[in-house]
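Participant: Next one to model:
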Amino acid sequence: MPAGPVIQESGDEASPAWTFQDLLEDEHDEALFDYYFTSQPVLVDSESGASQPVGQPAVYTSVEPSPSGEYLLAVRSVRPYSYLVPESRFPKEVEVLDMAGRRVAALASLGLDEGGPEHLGFRRAGPRDFSWRPGQDATLLYLEALDDGDPDRELPHRDRVMVLDAPFTGEGSELIRTEHRLGSGAFGFGSPVLWGEDSRTALVYEFDWPTRSTRTWIVDTARPGAEPRLLWDRNTDDWYGDPGDPLMTLDDAGQRVVRQDGDHMYLVGEGGSPEGDRPFLDRIDLESLETTRLFRSTADSYERVVAVLDSEGREMITQWETEVDPPNYFRIQTDGNARQALTEFPHPQPQLAGITKQKIYYERADGIPLSGELYLPADHEPGQRLPVLLWAYPREFADEAGAGQVRGSAHRFTTISGASHLLLLTQGYAVLDDASMPIVGGFTANDTYVEQLVANGRAAVDKLVEMGVADRDRIGIAGHSYGAFMTANMLAHSDDFAAGIARSGAYNRSLTPFGFQYERRTFWEAPEVYFQMSAFMHADAINEPVLLTHGIEDNNPGTFPIQSERLYHALKGLGGTARLVMLPHESHGYRARESVFHTVWEMFEWMRRFVKEKDLRAVSP
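Facilitator: Numbering: from 1, shown residues only. Down below sits the predicted model:
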């Protein structure tokens, strides 16, 4: 029985947190949370198996040993808990323990974080992201916001990187401060600071979301007082200009560090180009900053470096594939073109042999270049028009230059897993996959979201008809999550598609009032944008059949199951053609065999009824 009402109260401080699912709801949930998540750190002798408790039981989120094995960096979640945000934003106590569990130093008491999302530049006030510095026995590294974590504050510097040596007293010393926010997920490794094998060289990554501007700095800790050197200053939307990510390795303590050969390091990247991705390996001199290209995939395959075997970058292991050859590993020597096959994996799905794909290129009405990967079934005859499914996911760009760049490679091998839309290839359909859906305009891109979205879709339809692949009246559109949001909006604001399939989407943006995706404005700051982008508000204009699929336990921020339920309710009430499929026990993606099979069956049937067997209008394409 409830002990009483569940009460929450706010004060004068704004807390513009996103909407989250699966949160604590009452005191009973708090007690259950403590019960299930309280843990006891234990030291285990790997030889004898003997164990010894370390410290006291608590709700630990991490316990990391120092490289020397002398200390533990412990982070605990503490009360008061929140009913608005998940555990990652609960108050935290950060401390250093010795190996007997005694507290050596209290590093930080972090308050409850009910601010905006990290990927839009918001951060918790105070020190954050404590970690052990690689190559040092017991030196801590941490980040600190100079703007109290508020990206709207105007300051010359937003963040700084700090180091703190044992015995961990005082504030520590500043390694570098940055104009923009220290990038989350930098280099693809989740940390904005990477250390080299020499333990003295650090790469520091900063990022400004509104402009997509990013800078990477080299900090040499062996030169006290020396200014950081700028390695790269670029825009993340510039796929063609991406210099790549540092090649990583493990040091003696098992920590990830940048692989170095003297004053050189290696860079691996996708190698974006107008002809598609061509992965590369570069070697960069950290003194002169000059790069040497050691390897680049050929134009008729997709080959990426997975390991460098020597100190000169002349011998390496790669993974090679084409649209008809499955990925396999090779040992190659770049100086003599020697090539040795290490694996001979067969086609994992021989039933799909014969399916073809090609990269197609076309333009939006305003001249922005677009592209997509067109798949054709194995029995397709040249000139034969097929029913088509277009699958896409919109992406925001700061300017047109980045929006028009080609991404991906037509030479990737095709494998199908889960409830993939590509399974329609076995049923006589063509599929335009990953069709470009750029929304251009930076901070205010969504002001013209609908217009740009419709223009993207119409350009793709025109291209498919022009190529002789599709009939204009037999093209469906589909997507997952933000792609489902796209699907519903496309049906509401255009008549270019015969039907839609929307999986796990959000359709009423008033239910995500403090932002969504890359929209940082609140509902009250831009109500007309939220209204225009909400397919629910335009349900009376959806005059094509739409299949709505959703996991009943979806815990993704913004895509609560009620989003699909309410859109279906609206369509049913307005006389629209719709079908709602709620999958039991499923979250944002669908995992159970029963759910996958049923989702595929629903897709097959919906496309058959409303696209494949749709009567063609007696007009020319």
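Participant: What are the boundaries of the strands in the stretch 201-350 of the chain?
Facilitator: Counting by DSSP state E, counting those that start in this stretch, the stretch 201-350 of the chain forms strands over residues 201-208, 213-220, 229-235, 245-246, 248-250, 256-258, 260-261, 264-269, 280-285, 291-296, 302-308, 315-321, 328-333, 338-341, given from the N-terminal end onward.
Participant: mind giving me JSON lines with the ones you listed and columns for mean neighbour count, mean pLDDT and distance to residue 449?
Facilitator: Any C-beta I mention is one placed from the backbone N, CA and C, and that applies to glycine too. Compiled in JSON lines, the strands of the stretch 201-350 of the chain are given as follows (neighbours: other C-beta atoms under 10 Å; pLDDT from 0 to 100; distance: least, C-beta to C-beta, whole Å):
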{"stretch": "strand 201-208", "mean neighbour count": "22", "mean pLDDT": "95", "distance to residue 449": "22"}
{"stretch": "strand 213-220", "mean neighbour count": "19", "mean pLDDT": "95", "distance to residue 449": "23"}
{"stretch": "strand 229-235", "mean neighbour count": "14", "mean pLDDT": "96", "distance to residue 449": "21"}
{"stretch": "strand 245-246", "mean neighbour count": "20", "mean pLDDT": "94", "distance to residue 449": "31"}
{"stretch": "strand 248-250", "mean neighbour count": "15", "mean pLDDT": "94", "distance to residue 449": "38"}
{"stretch": "strand 256-258", "mean neighbour count": "20", "mean pLDDT": "95", "distance to residue 449": "39"}
{"stretch": "strand 260-261", "mean neighbour count": "16", "mean pLDDT": "94", "distance to residue 449": "45"}
{"stretch": "strand 264-269", "mean neighbour count": "20", "mean pLDDT": "96", "distance to residue 449": "31"}
{"stretch": "strand 280-285", "mean neighbour count": "19", "mean pLDDT": "97", "distance to residue 449": "35"}
{"stretch": "strand 291-296", "mean neighbour count": "16", "mean pLDDT": "96", "distance to residue 449": "37"}
{"stretch": "strand 302-308", "mean neighbour count": "19", "mean pLDDT": "96", "distance to residue 449": "33"}
{"stretch": "strand 315-321", "mean neighbour count": "19", "mean pLDDT": "97", "distance to residue 449": "36"}
{"stretch": "strand 328-333", "mean neighbour count": "16", "mean pLDDT": "96", "distance to residue 449": "42"}
{"stretch": "strand 338-341", "mean neighbour count": "10", "mean pLDDT": "93", "distance to residue 449": "48"}
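Participant: if I pick residue 196, what's in contact with it?
Facilitator: For residue 196, the contacting residues are 202-203, 257-258, 260, 265, taking C-beta atoms under 8 Å, 6 or more residues apart in numbering as the criterion.
Participant: Nearest approach to residue 482 belongs to which of the strands of the stretch 201-350 of the chain?
Facilitator: Closest approach to residue 482 among the strands of the stretch 201-350 of the chain (C-beta to C-beta): strand 201-208, 20.8 Å.
Participant: can you give me the helices for the stretch 451-600 of the chain?
Facilitator: With helices called from DSSP state H, counting those that start in this stretch, the stretch 451-600 of the chain shows them at 482-493, 527-533, 562-574, 593-607.
Participant: most tightly surrounded among those?
Facilitator: Taking mean count of other C-beta atoms under 10 Å as the contact definition, the stretch among the helices of the stretch 451-600 of the chain with the greatest mean neighbour count is helix 482-493, which reaches a mean of 26.
Participant: and the angle for it with helix 562-574?
Facilitator: Orientation check (axes from the mean of the first three to the mean of the last three C-alpha atoms, to 10 degrees): helix 482-493 against helix 562-574 gives 20 degrees.
Participant: Tell me which residues are up against helix 482-493.
Facilitator: Where contact means C-beta under 8 Å, 6+ apart, the residues beyond helix 482-493 that reach it are 391-394, 437, 449-450, 453-454, 457, 477-479, 496-497, 500-507, 517, 533, 535, 538-539, 541-544, 546, 548, 567.
Participant: Could you count how many residues lie near residue 412?
Facilitator: Counted with other C-beta atoms under 10 Å, the burial measure for residue 412 works out to 17 neighbours.
Participant: Also residue 64?
Facilitator: When neighbours are defined as other C-beta under 10 Å, residue 64 has 14 of them.
Participant: Repeat that for residue 366.
Facilitator: Counted with other C-beta under 10 Å, residue 366 comes out at 11.
Participant: give me every residue that touches the nearest residue to it once chain neighbours are set aside.
Facilitator: The shortest distance from residue 366 to any residue other than its chain neighbours is 6.9 Å, reached at residue 455 (C-beta to C-beta, 6 or more residues apart in numbering). Shown in contact with residue 455 (C-beta under 8 Å, 6+ apart): 364-366.
Participant: how much space between residue 455 and residue 436?
Facilitator: Note on residue 455: its distance to residue 436, by C-beta to C-beta, to the nearest Å, is 11 Å.
Participant: now swap in residue 62 and tell me
Facilitator: From residue 62 over to residue 436 the distance is 40 Å, taken as C-beta to C-beta.
Participant: These two: who's more crowded?
Facilitator: Under the criterion of other C-beta under 10 Å, the comparison of residue 62 against residue 436 puts residue 436 first, with 23 against 13.
Participant: Go ahead and confirm the more buried one touches residue 370.
Facilitator: Yes: with contact defined as C-beta atoms under 8 Å, residue 436 and residue 370 form a contacting pair (3.9 Å).
Participant: shared neighbours of these two, anything?
Facilitator: Contact criterion C-beta under 8 Å, 6+ apart; residues bridging residue 436 and residue 370 by contacting each: 456, 460.
Participant: what about the strands in the stretch 451-600 of the chain?
Facilitator: Assignment of strands within the stretch 451-600 of the chain using DSSP E, counting those that start in this stretch yields the ranges 470-480, 499-503, 546-551, 578-583.
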